[in-house]
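**Q** Using only what follows, build the 3D model:
(one chain, ligands or ions: 1)
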Amino acid sequence: AAPRTVLLTGAAGAVGTMLRAELPGYGYRLRLFDRTPITAEPGAITADLADTEELTAAARGVDAIVHLAGIPGEAPFADILTVNINGTHQLYEAARAAGVRRVVFASSNHAVGFTERPADGGPLRVDTPRRPDTYYGLSKCFGEDLAALYADRHGIETVSLRIGSCYPEPFTVRHLATWLSPADCGRLVHASLTAELPHPGHVAVHGISANTRAWWDLAPGRAIGYHPQDDAEPFAAALLAKYGEPDEDDPEFHYVGGDFTQ
Ligand code: 15L
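**A** Here you go, the predicted model:
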């Protein structure tokens with residue numbers, strides 16, 4: 001049966017806030033979890049991933065977990081270790097204890113950020129070698145491998161989303177390749193919650209819209225039923241007029257991770 005009640009960690013964050021608007025339209029009931037109080041939602045759970053009792057209680061009775069909680073960019077290694085690495089481990093332990101069978105993990109393009117931008121514009125495959133550009137990107141590599149371990153060892157299925165740049169609108173030239181629109185983010189998460197996955201049940205897919213200038217292959221997403229409808233291209237003329245054509249020698253444009261590589 002399709003999952004219905006979903007635990008959303010990081011519900012107060014940027015992507016969490018978008019998904020709170022997008023997912024109910026697909027019929028999900030959301031249980032919100034964040035260390036930042038969501039005062040507009042009386043049922044929201046205010047707790048830290050490190051609070052394993054609260055986290056396990058939050059996971060009890062849900063059909064799936066969408067795991068967004070974490071530091072969303074570079075930070076001192078100790079903080080990445082506590083929040084992103086240990087926190088994601090605590091999340092999977094809670095899922096296992098509560099018997100949750102499906103997780104959608106917010107990975108990031110920064111897991112491969114030191115990959116050179118494809119010269120011919122052709123798409124990078126999802127099995128391109130990991131080249132994290134930050135401790136943050138490294139924590140996403142860890143999360144994907146942790147997901148694979150919990151699939152093999154415990155049968156918990158995960159779709160890892162290598163999210164590009166999820167914003168209401170693209171606002172840099174790089175976003176013409178990396179943008180994920182809020183509506184496509186909803187489509188992607190819905191597909192990830194409902195897809196039949198191959199055994200043993202971990203797949204990574206690129207989380208971008210159907211951008212004309214996309215760097216990443218959309219085939220893995222299509223294989224799980226993600227059919228993006230948006231494209232950053234209508235914003236191209238204005239962004240290029242404002243910022244100019246990207247300088248290929250600038251590391252910000254040379255690597256897919258952009259300024260995270262600097
Ligand atoms: C990310 O992983 C960050 O969380 C987000 O803030 C953006 O910077 C995004 O990547 C990006 O690469 O644009």
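
**Q** and the nearest residue to residue 113 once chain neighbours are set aside, what does it touch?
**A** Excluding its sequence neighbours, the residue lying closest to residue 113 (Cβ to Cβ, 6 or more residues apart in numbering) is residue 257, at 2.2 Å. C-beta coordinates here come from the backbone N, C-alpha and C atoms, glycine included. Residues counted as contacts of residue 257 (Cβ atoms under 8 Å, 6 or more residues apart in numbering) are 109, 110, 112, 113, 114, 115, 133, 134, 137.

**Q** Show me where this structure dips below the pLDDT cut-off.
**A** By pLDDT under 70, the weakly predicted segments of the chain are 1-2, 121.

**Q** Could you pick out the longest helix of it?
**A** helix 135-154 (DSSP state H).

**Q** C-terminal to it, what's the next element?
**A** With elements assigned by DSSP states H and E, the helix or strand that comes after helix 135-154 is strand 157-163.

**Q** Excluding its own residues, what touches the helix or strand that that following strand is followed by? List them.
**A** Downstream of strand 157-163, the next assigned helix or strand under DSSP H and E is strand 165-166. With Cβ under 8 Å, 6+ apart as the test, strand 165-166 has contacts from 14-15, 18, 109, 172, 174-175, 178-182, 185, 207.

**Q** Give me the spatial nearest neighbour of the residue nearest in space to the middle of the chain, chain neighbours excluded.
**A** For the chain, the residue sitting closest to the mean C-alpha position, by Cα atoms, centre = their mean, is residue 106 at 2.6 Å. Leaving aside its sequence neighbours, residue 106 sits nearest to residue 68 (Cβ to Cβ, 6+ apart; 4.5 Å).

**Q** Against residue 10, how distant is that neighbour?
**A** Between residue 68 and residue 10 the computed distance is 3 Å (Cβ to Cβ, to the nearest Å).

**Q** any residues in contact with both of those two?
**A** 16, 106.

**Q** what residues does this protein put near the ligand?
**A** 72, 73, 108, 109, 110, 165, 178, 258 (Cβ under 6 Å from any ligand atom).

**Q** could I get these as TSV with secondary structure?
**A** Below are the residues of the chain next to the ligand laid out as TSV (DSSP: H, G, I helix; E, B strand; the rest coil):
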residue	secondary structure
72	coil
73	coil
108	strand
109	helix
110	helix
165	strand
178	helix
258	helix
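
**Q** Compare the residues you listed and tell me which is most surrounded.
**A** residue 108 (30 neighbours; other Cβ atoms under 10 Å).

**Q** That residue touches residue 178, doesn't it?
**A** No - Residue 108 is beyond contact range of residue 178, at 10.5 Å (criterion: Cβ atoms under 8 Å).

**Q** Give the buried residues for stretch 223-234.
**A** 224, 226, 228, 230, 231, 232 (16 or more other Cβ atoms under 10 Å).

**Q** Lovely, talk soon.
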